[in-house]
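[1] Here is my input; please provide its structure:
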Amino acid sequence: MPLTDRQIKAAKPLEKDYKLSDEKGLYLLVKKNGSKLFNLKYRFLGKEKKLSIGKYPDVSLQQARRTRDEARTYLTQGVDPSAHKQAQRAAQLLAAENSFQTIAEEWLITQMSDRTEAYRNKVRRSLEKNLYPRIGALPVSEITAPALLAALRAIEERGVIDTAHRVKQVAGQVIRYAIATGRAERDPTPDLRGALKPKTTKHLASITEPQAVGRLLMAIDAFNGTPIVKAALQLSPMFFCRPGELRHLKWTDINHEEHRIEIIAEKTKTPHIIPLSTQALGILRDLYQLTGRSQYIFPSARGASRCMSENALRVALRGMGYDNNTMTPHGFRAMARTLLDEVLGFRVEWIEQQLAHAVKDANGRAYNRTKHLKQRADMMQKWADYLDQLRASAKAGNVISASFGVR
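    Residues are numbered from 1 along each chain as shown. Have a look, this model is predicted:
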């Protein structure tokens, strides 16, 4: 007689395990600990074998019978149901191990280890929001251009076109990592060329007019926030390094004998030197009294073990009346680039080297970090002097221009 749900529910554990038979090899094993397990007894190649189906009530009697019928179909095709189940499980495990999300997390750890923690977290949040929900569970080898495009279209529909392009770039980096590690064969992102809406070209706001720069410097001097943020604002135009490089500066980065800062450029990953003007040295000496016990020159207000927040300078500028459309922390670079060239007349290659751009000589060779260092040190001192003059002129209501450079 076939089993019924009532019989199964009424079955009580005994001192020993026992079986309740259904039909066609299906039976329920009632364990002495009270658990009830569906199994299928069958013969394959002359040997009696057993297929574990699942635990009741997680697997209902109807589900167990469907699994039994599927297994019997495999038998008629000469396939061992147990071997087929093991193969399916192995394929599922392999798919999980090679899913886009798994490989993306591995890529973040192995290939992004040289980036800041804040940047890695930013990329991870973008992946979690934009790609994991749609393609995260897919084996990376099965991600097609249409599947990826659907995920990118969803980003476009939110009106963030630039984000869609950045996410596409990250997806390509993850898939190419999968190719390099033998878990995919082809990157579909090149197939999407031209499929997305064109991204907008937006330059980070900067002040490059001398009189306006003078007023900005006056506003920085009048800043009534924390001394650490004020010092970072004062040094930003003198150093004109990337904002992330400024925030992560450590006291050990200062070469006191040579009066310079020695770091690894954030974008090019090459050694970079920032010569220190007398004005910058004075600010650093005063700042050491406040933050010298921290490894960071500009520690976070939330704890000296971390550097200043990436939004600290942006918020400070906004509090001074400079919104994102007027001036940004990155804008100090454009300010220096413009005025050093167009007003002070310094050679462009010196300026580009000091900006830590990838500058090459006439033979196509990249300049090393010490190239034109003496000239750059002189340029940085005259730049600091010029900033002082702009500040003084702004206070006096005048505008000055000068030519300290060498063409």
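[2] alpha carbons only for contacts and neighbour counts from here, please
    Will do.
[3] Could you pull up the mean pLDDT of the helix or strand where R376 lies?
    Per DSSP states H and E: R376 is located in helix 373-396. Across helix 373-396, pLDDT averages out at 95.
[4] Send me it as CSV with only the CA atoms.
    Extracted in CSV, the C-alpha atoms of helix 373-396 (Å, rounded to 0.1, in the frame of the first residue of the first chain):
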residue,chain,number,x,y,z
LEU,A,373,64.1,68.7,-9.3
LYS,A,374,66.2,71.8,-8.7
GLN,A,375,64.1,73.8,-11.1
ARG,A,376,60.9,72.4,-9.7
ALA,A,377,62.0,73.3,-6.1
ASP,A,378,62.6,76.9,-7.3
MET,A,379,59.2,76.9,-9.0
MET,A,380,57.5,75.7,-5.8
GLN,A,381,59.0,78.4,-3.8
LYS,A,382,58.1,81.1,-6.3
TRP,A,383,54.7,79.7,-6.5
ALA,A,384,54.2,80.0,-2.7
ASP,A,385,55.6,83.6,-2.9
TYR,A,386,53.1,84.4,-5.7
LEU,A,387,50.2,83.0,-3.6
ASP,A,388,51.3,85.3,-0.8
GLN,A,389,51.3,88.2,-3.2
LEU,A,390,47.8,87.3,-4.4
ARG,A,391,46.5,87.2,-0.9
ALA,A,392,48.1,90.5,0.0
SER,A,393,46.7,92.1,-3.2
ALA,A,394,43.2,90.8,-2.4
LYS,A,395,43.4,92.4,1.0
ALA,A,396,44.6,95.7,-0.6
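[5] How many residues are close by the closest residue in space to M112 that isn't next to it in sequence?
    Nearest non-adjacent residue to M112, counting by CA to CA, 6 or more residues apart in numbering: R120, 6.9 Å away. The tally of other residues near R120 (other CA atoms under 10 Å) stands at 16.
[6] before we move on, what about E97?
    For E97, using other CA under 10 Å, the count is 16.
[7] mind listing what it touches?
    Each residue near E97 by CA atoms under 8 Å, 6 or more residues apart in numbering is listed here: I103.
[8] Remind me which helix or strand the closest residue to R376 other than its chain neighbours belongs to.
    Excluding the flanking residues, the one nearest R376 by CA to CA, 6+ apart is W350, at 6.2 Å. Per DSSP H and E, W350 falls inside helix 348-354.
[9] Rounded mean pLDDT for that helix, please.
    91.
[10] for stretch 272-285, same thing?
    Here the average pLDDT along stretch 272-285 is 96.
[11] what does stretch 114-126 give?
    pLDDT averaged over stretch 114-126 gives 84.
[12] helices or strands up against the helix holding W350?
    helix 331-342, helix 373-396 (3 or more CA pairs under 8 Å, 6 or more residues apart in numbering; DSSP states H and E).
[13] how long is stretch 49-66 from one end to the other?
    Start-to-end span of stretch 49-66 (CA to CA, to the nearest Å) is 18 Å.
[14] tell me which residues in that stretch are buried?
    51, 53-56, 61, 64-65 (16 or more other CA atoms under 10 Å).
[15] host element of the residue nearest the centre of the chain?
    Centrality entry for the chain: nearest residue to the mean C-alpha point is V123, 2.5 Å, by CA atoms, centre = their mean. Assessed by DSSP H and E, V123 sits inside helix 117-130.
[16] Heading C-terminal from that helix, find the next helix or strand.
    Using DSSP H and E, the helix or strand that follows helix 117-130 in sequence is helix 132-135.
[17] And the contacts of that next one?
    By CA under 8 Å, 6+ apart, helix 132-135 touches 100-101, 143, 147-148, 151.
[18] redo that, cut-off 7 Å
    100-101, 151 (CA atoms under 7 Å, 6 or more residues apart in numbering).
[19] got a winner among those for most neighbours?
    Highest count within the contacts of helix 132-135 by other CA under 10 Å belongs to F100, 26 neighbours.
[20] What separation do you get for A171 and S277?
    A171 is 43 Å from S277, by CA to CA.
[21] hmm, back to that, right, so the helices and strands packed on helix 348-354: which one is the most enclosed?
    helix 331-342 (a mean of 20; mean count of other CA atoms under 10 Å).
[22] Helix 373-396 and that one, what's the angle between them?
    In terms of direction (axes from the mean of the first three to the mean of the last three CA atoms, to 10 degrees), helix 331-342 departs from helix 373-396 by 100 degrees.
[23] tell me the mean pLDDT over helix 331-342?
    The average pLDDT for helix 331-342 rounds to 93.
[24] related to what we said a few turns ago, look up how far M379 lies from the residue nearest to R376.
    In terms of CA to CA, W350 sits 8 Å off from M379.
[25] C-alpha coordinates for the helix holding W350, CSV please?
    Output of helix 348-354 as CSV, limited to C-alpha atoms (Å, rounded to 0.1, in the frame of the first residue of the first chain):
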residue,chain,number,x,y,z
VAL,A,348,55.1,73.0,-19.0
GLU,A,349,57.1,69.9,-18.5
TRP,A,350,58.1,71.1,-15.0
ILE,A,351,54.5,71.7,-14.1
GLU,A,352,53.4,68.4,-15.5
GLN,A,353,56.1,66.6,-13.5
GLN,A,354,55.1,68.4,-10.4
